[in-house]
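**Student:** Quick one, fold the following:
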Amino acid sequence: MPSISQHSNGDSEVAGYSKKGDDNSPYLHTNGHTDAYQDEDVFQHLPKPQQDVLLLHGPRQKYALEKNGHIPELRSEREILVQVLAVGLNPVDWKGPDYNFGLPSFPWVNGRDFAGIVVKTGKGVSRVKPGDVVFGPSTDYRDVRKAAYQEYLVTTDFNVARLPTTLSANVGAALGVAFVSAILSLGVSLGLDFTKAKDAPTGPDLLAIVKKLNRDEVPEDVRHEAFESILDIERPTAGDWFAIWGASSITGLTALQLAKLAGLRVIAVADVVRHGARLVDAGADVLVDRHDPSRATEIIRSITKGKLRFALDTVGKETATHLQESLQRSKGSEQGHLVGLTGLPKTRLPGVKYHAVPIKLFHIVPTLGESVMSWLEQLLVNKALQPPEVSVADGGLEGINGALDKLRNGSISGKRLVVPIGTEKTKEPSFNGAINGHSEVKAEGSLEYADKLNSDPSRIKFAYWVPNVSGGLVISKIEQRTKWDLDSNARYARTAEQWGFEYALSQIRFMAGYGAENQHESVSFSQAILHHTERLIVMAALLPGPWNPAVAAKQIASIDNYSKGRVAVNVVSGWFKQEFTSIGQWWLDHGERYRRSREFIACLKGIWTEDHFNFKGDFYQFHEYPLKPKPVSKPGRPWPEIFQGGNSIDARENAAAGSDYYFMNGNTLEGFQEQIADVKERAKQHGREGQVKFAVNGFVIARETEEEAIRVLQEIQGKANKEAVEAFGDAVKNAGASTSNKTGMWANSKFEDLVQYNDGFRTKLIGTPEQIAERIMLIKSLGVDILLVAFLHYEDDIKQFGEQVLSLVRKLEAEGRGKDEEFEISVTGDVYRAKPKKDDAWLTDLEDRK
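**Tutor:** I've put the predicted structure just below:
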């Protein structure tokens, strides 16, 4: 029998906010010591762990900002500590103070919706880990530690969902209360079963979960709704009508989508002129305008022929009174059911059963909370649920008062008002020295700076080439302060992750090529780097042919477990003929190499996800192969991420059919646009629309002036190793120009492009830090998710890039840059166009240097 969580007793003894020195405070003392979970304390390096808290000192008062508040402490193994990134505002946040309800005592901390970074967890095993960006509602409103109007809050791992990287923290902060209210209304009060959801991951049967509980353990005030809400014979089934009054509200819109996933026919009552289009997009079967309530009721009864049995009101008592008139009224299994989120009719009709949502079940029943939030993760990852639109208010915690006034006067409709915490539009954000108002920690081994820098899930991510082969990252005789040994690479990796890099790519070579006389093996080298890092995801390059997918899958799965889900793979189809023939491997033509890689990728995914894998292809065969252990599974990451590059049609088809990321060489603006559009369209044809992400290679030269950066580029190209570059150019003809339509990698590369062997110069990351950051905004706006970079001097340039460029990128993103492709092209597009201006000095043709 599922147990009821004992971590919260519901008492209001924690209600009073107490300042430092009060031993009864629900917050940590300023020395950071507590009796619970002291080990690995994220705050142990801070002399006085404190936070800002927004306090309500009495009814009908404004909230007041309290500086130097204490950090709330964890009290159970399932509790987690979250640094709040954004707060979603709900009507109860202003109605409670204005009408003096839901406030056990004063001063009080309010706030129901949040998104943030997990900074500390209990000792229990959980899907939630430190560093995860999560969101959720605070339904346990009597526990002040869990309120959202503070910089750090406590919640439980089963009451949060991990936010997909495609969504921002602002969006996450808008969804928690709405989703939980909607799914409990439908799943518990009305008994809708989501296990047969269509076009979506399998959902939970919440009523079945509740019915298995010990009745005596369920609080008395929700016991009747939990166990007597609806008979099994009455439960809605696919095809039944369901009416929502207030369908344009965030909760109403969420309930509409959930009802459609379960197969119900939905009548949406709202302001049709203002919100009709969005309601239709969400799946509403019928729209009814709310402005004439009596007429609306008549329309609903006409459409349902007087047999409507299920309805939800999100507005209040008055509209609930109108809605009840639409319901079928009879006894037994044919009675109508009305759920009122904010009130039920004073005068009730016979033959109708009335429901108040048992929201408390969400935080006292771990199995229910876990099933709800796990399904929410899957819905978002699979894009089966459309998140709400948000309206962002500035000012941080201090701006919440002004934002609530917008709710009071009704100026916000159909959107959730969200307040980012620690980012004020009136003050220019600075990531050089401070993040979110906190002093930056740059001490050796500290990752706090990087975690805060990378807190926005919609950010462009950064990767770097691992120099695990000798000769540096350019084919030139210029001095390169870049070493290829493990000790140096471990140092580079630690520096990279501390300054905001999230990925690294190791190279695969079996023999010398273009100056790389020494080559460390990619997979084992990647594992070694993972051993020296904590956050970095390392892409191990794999070469089908030398690698059998069974061996590769086994290696990567084991490393994934050792590193707690931090390994990825880059599948390289091959371009260096001698590398294959010298070790006795067949050298296939271009199309066949990519066809083999496609089978290789399919086998990796199958081996990693199926209990007994079977496959019969032209290159690989498997029969009932049972790999254990499997790799670590995370939201949006059912297997280690699979990267794959190439410009040719064969490469694009492979990416569209099976890869997670498509790597591109440097290109022109038109070239990038064409490639991305083509792969997206091909992915759509393969039924994988939106499932392929994009990464671009670039070489960075950041200097104080553009002229200085250009001189460095000219020196690199002027000192090019002519023999090695030409040998490389001859070898890659097998990958680029050999394709029938001349679209492969390096097919259009000039001599000076090949000096950086993935056309890195063509990405134009050469200039001042400000110029480079602006160009990265353009690259992001085109749809690029990861920028893979290389440097001349790894000993210096990794830190310089993080300190001077990456921080500027985050600043621009915080200002809303990188989202509007047309705007970004207007700012920096000329640098990338296929026919650049003749006076672009650093693009001067250097062909005579051959």
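**Student:** so how far is Val210 from the nearest residue to Asp221 once chain neighbours are set aside?
**Tutor:** Setting aside the residues directly before and after it, Asp221 is nearest to Lys360 in space (C-beta to C-beta, 6 or more residues apart in numbering), at 7.4 Å. In this view, the C-beta of every residue, glycine as well, is placed from N, C-alpha and C. For Lys360, the distance to Val210 equals 12 Å [C-beta to C-beta, to the nearest Å].
**Student:** ok, those two, which is more surrounded?
**Tutor:** More crowded of Lys360 and Val210, by other C-beta atoms under 10 Å: Val210, with 24 against 20.
**Student:** Tell me which helix or strand comes right after the one helix or strand the more buried one maps to.
**Tutor:** Per DSSP states H and E, Val210 falls inside helix 206-211. Note on helix 206-211: by DSSP H and E, the next helix or strand toward the C-terminus is helix 220-228.
**Student:** Show me where the stretch 351-500 of the chain has its helices.
**Tutor:** All helices of the stretch 351-500 of the chain, identified by DSSP state H, counting those that start in this stretch, fall at 361-364, 366-381, 400-408, 448-453, 486-498.
**Student:** residues in contact with the shortest one?
**Tutor:** By C-beta atoms under 8 Å, 6 or more residues apart in numbering, the residues outside helix 361-364 that reach it are 4-5, 8, 137, 139-140, 156, 159, 180, 184, 188, 210, 218-219, 222, 226, 368-369, 372.
**Student:** Count the neighbours of Trp241 for me.
**Tutor:** 23.
**Student:** got it, and Pro626?
**Tutor:** Counted with other C-beta under 10 Å, Pro626 comes out at 10.
**Student:** what separates the closest residue to it other than its chain neighbours from Gly606, distance-wise?
**Tutor:** Among residues not flanking Pro626 along the chain, His612 sits closest, at 5.4 Å (C-beta to C-beta, 6+ apart). Remark: distance between His612 and Gly606 (C-beta to C-beta) = 10 Å.
**Student:** next one: Asn548
**Tutor:** 14 Å.
**Student:** Show me which of these two is the more surrounded one.
**Tutor:** The residue with more neighbours, out of Asn548 and Gly606, is Gly606; 18 against 14, by other C-beta under 10 Å.
**Student:** Surely that one is within a helix?
**Tutor:** Yes. Using DSSP: H, G, I helix; E, B strand; the rest coil, the assignment for Gly606 is a helix.
**Student:** Could you check how many residues crowd around the nearest residue to it once chain neighbours are set aside?
**Tutor:** The spatially closest residue to Gly606, leaving aside those adjacent along the chain, is Phe613, at 4.7 Å (C-beta to C-beta, 6+ apart). A count of neighbours around Phe613, defined by other C-beta under 10 Å, yields 20.
**Student:** Show me what Phe613 is bridged to.
**Tutor:** Beta bridges link Phe613 to Tyr625 when assigned by DSSP bridges.
**Student:** try Val352
**Tutor:** With DSSP bridges as the rule, Val352 is bridged to Gly336.
**Student:** Which residue comes closest to Ile825 once chain neighbours are left out?
**Tutor:** Per C-beta to C-beta, 6+ apart, closest to Ile825 is Leu778, 6.5 Å.
**Student:** Please list all residues in contact with that neighbour.
**Tutor:** Leu669, Glu824, Ile825, Val827, Thr828, Gly829, Tyr832.
**Student:** What about the third one, how many residues nearby?
**Tutor:** Meaning Ile825. 17.
**Student:** ok, now the fourth one?
**Tutor:** Around Val827 there are 15 other residues, counting by other C-beta under 10 Å.
**Student:** same question, the last one
**Tutor:** Per other C-beta under 10 Å, the neighbour tally for Tyr832 reads 23.
**Student:** I'd guessed it sits against Leu765; true?
**Tutor:** No. Using C-beta atoms under 8 Å, Tyr832 makes no contact with Leu765, being 11.2 Å away.
**Student:** low pLDDT regions in the stretch 401-550 of the chain?
**Tutor:** 422-446, 511-516 (pLDDT under 70).
**Student:** So for Lys20, what's the pLDDT?
**Tutor:** Turning to Lys20, the model gives it a pLDDT of 34.
**Student:** any idea how far Lys634 is from Val827?
**Tutor:** 35 Å.
**Student:** To clarify, my last question referred to Gly239.
**Tutor:** Gly239 is 52 Å from Val827, by C-beta to C-beta.
**Student:** re earlier: overlap of the contact sets of Tyr832 and Leu765?
**Tutor:** Arg775.
**Student:** what are the bridge partners for Arg416, then?
**Tutor:** Val390.
**Student:** How about the contacts made by it?
**Tutor:** Counting by C-beta under 8 Å, 6+ apart, the residues that Arg416 touches are Gly88, Leu89, Asp113, Ala173, Ala174, Leu175, Ala178, Ile250, Pro388, Glu389, Val390, Ser391.
**Student:** How confident was the prediction at the residue nearest to the spatial centre of the chain?
**Tutor:** Residue closest to the average C-alpha location in the chain (C-alpha atoms, centre = their mean): Thr165, at 1.7 Å. Per-residue pLDDT puts Thr165 at 79.
**Student:** Just the element for it, please.
**Tutor:** Using DSSP H and E, no helix or strand contains Thr165.
**Student:** quick one: Val53 is in a strand?
**Tutor:** Yes. Looking at Val53 with three-state DSSP, it is inside a strand.
**Student:** what's the spacing between it and Glu398?
**Tutor:** On the measure of C-beta to C-beta, Val53 and Glu398 end up 12 Å apart.
**Student:** picking up where we left off before, format the contacts of Arg416 as CSV; extra columns: neighbour count and distance to Arg566.
**Tutor:** Listed next are the contacts of Arg416 as CSV, based on neighbours: other C-beta atoms under 10 Å; distance: C-beta to C-beta, whole Å:
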residue, neighbour count, distance to Arg566
Gly88, 29, 31
Leu89, 27, 36
Asp113, 27, 31
Ala173, 33, 27
Ala174, 31, 30
Leu175, 27, 28
Ala178, 24, 33
Ile250, 26, 35
Pro388, 21, 32
Glu389, 13, 34
Val390, 20, 31
Ser391, 18, 36
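**Student:** Neighbours of Lys477, how many?
**Tutor:** Using other C-beta under 10 Å: Lys477 sits among 14 other residues.
**Student:** Please name the nearest non-neighbouring residue to it.
**Tutor:** Closest to Lys477 by C-beta to C-beta, 6+ apart is Lys719, at 4.6 Å.
**Student:** can you tell me how far the one you found sits from Ser470?
**Tutor:** Taken as C-beta to C-beta, the span from Lys719 to Ser470 is 17 Å.
**Student:** what's the answer for Ala64, then?
**Tutor:** For Ala64, the distance to Ser470 - C-beta to C-beta - is 62 Å.
**Student:** Neighbour count for those two, which is higher?
**Tutor:** In terms of neighbours (other C-beta under 10 Å), Ser470 is the more surrounded of Ala64 and Ser470; the figures are 17 against 13.
**Student:** I'd say the residue nearest to the centre of the chain and Asp456 touch.
**Tutor:** No. The pair Thr165 / Asp456 is not scored as a contact, 9.5 Å apart, by C-beta under 8 Å.
**Student:** ok so, going back, identify the residues contacting the residue nearest to Asp221.
**Tutor:** Lys360 touches Thr139, Asp140, Pro219, Asp221, Val222, counting by C-beta under 8 Å, 6+ apart.
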